[in-house]
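Trainee: quick one: sequence and predicted model below, then my questions.
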Amino acid sequence: LPVTPHSTIADLIRTFYTLPITDFINHAYGEITNAVPPNHHQSIIEDVTVGKMSRLTFISHLFEESLQNKKSPQKDLNQRMMEIEELVSPIDGWLTTKEGAALYNIARFHAPIPTVVEVGSFKGRSTSWLSFAVKDRGGGTIYAVDHWQN
């Protein structure tokens, strides 16, 4: 299920939800998983496949592990995460800082194209994390959709 610049929003959503979890991890998050010891992957994959964690929780867990395993450029990235958290924290929403950092990392470093589709944006907390990632990546497009009403 390759994602190309010609993929529709429906293609992107279908790809995210239909990839087997191991393919999802390998294709979208290979660099993050390389930072985590392989013996750790299996227990996480088992947790995800039996529904103990959402994919986003899983990715934030891997992102946290990768932060612990990297040294020099990571300090700059950690500083950027703190700056973004300070700007995003006043926005209402359920996204944690770890999940926001994971979204940032995915959108900036791992998305195959600089286009992000967010379905369920509420008041924009996660959209803000994504917008900083796209900006830091050098540009792109974000489509944020929500049917929430006040």
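Mentor: That came in fine, so what should we check first?
Trainee: just for the chain, where's the confidence low?
Mentor: 1-75, 150 (pLDDT under 70).
Trainee: isn't residue 134 right next to residue 140, touching?
Mentor: Yes: if you go by C-beta atoms under 8 Å, residue 134 and residue 140 touch, sitting 4.1 Å apart. To be clear about C-beta, it is placed using only N, CA and C from the backbone, and glycine gets the same treatment.
Trainee: near the nearest residue to residue 120 once chain neighbours are set aside, how many other residues are there?
Mentor: Computed as C-beta to C-beta, 6 or more residues apart in numbering, the closest residue to residue 120 that is not its neighbour in sequence is residue 146, at 5.7 Å. Burial measure for residue 146: 13 neighbouring residues, criterion other C-beta atoms under 10 Å.
Trainee: likewise residue 90?
Mentor: Close neighbours of residue 90, defined as other C-beta under 10 Å, add up to 7.
Trainee: cool, and the one 10 residues further on?
Mentor: Other residues near residue 100 come to 24 when the count uses other C-beta under 10 Å.
Trainee: wait, it sits on residue 132?
Mentor: No: in this structure residue 100 lies outside contact range of residue 132 using C-beta under 8 Å: 9.2 Å.
Trainee: if we can go back for a sec, list the contacts of the residue nearest to residue 120.
Mentor: By C-beta atoms under 8 Å, 6 or more residues apart in numbering, the contact set of residue 146 is 119, 120, 121, 122.
Trainee: dump the residue contacts of residue 130.
Mentor: 103, 104, 107, 116, 118, 142, 144.
Trainee: neighbour-wise, which of these leads?
Mentor: residue 104 (27 neighbours).
Trainee: any idea which helix or strand carries it?
Mentor: Using DSSP states H and E, residue 104 falls within helix 97-105.
Trainee: who's more crowded, residue 134 and residue 140?
Mentor: Using other C-beta under 10 Å as the criterion, residue 134 and residue 140 rank with residue 134 on top: 20 against 17.
Trainee: what strand or helix carries that one?
Mentor: Secondary structure (DSSP H and E) places residue 134 in helix 125-137.
Trainee: what does residue 85 give?
Mentor: helix 72-88.
Trainee: next, the angle helix 125-137 makes with that helix.
Mentor: Per axes from the mean of the first three to the mean of the last three C-alpha atoms, to 10 degrees, the angle that helix 72-88 makes with helix 125-137 is 140 degrees.
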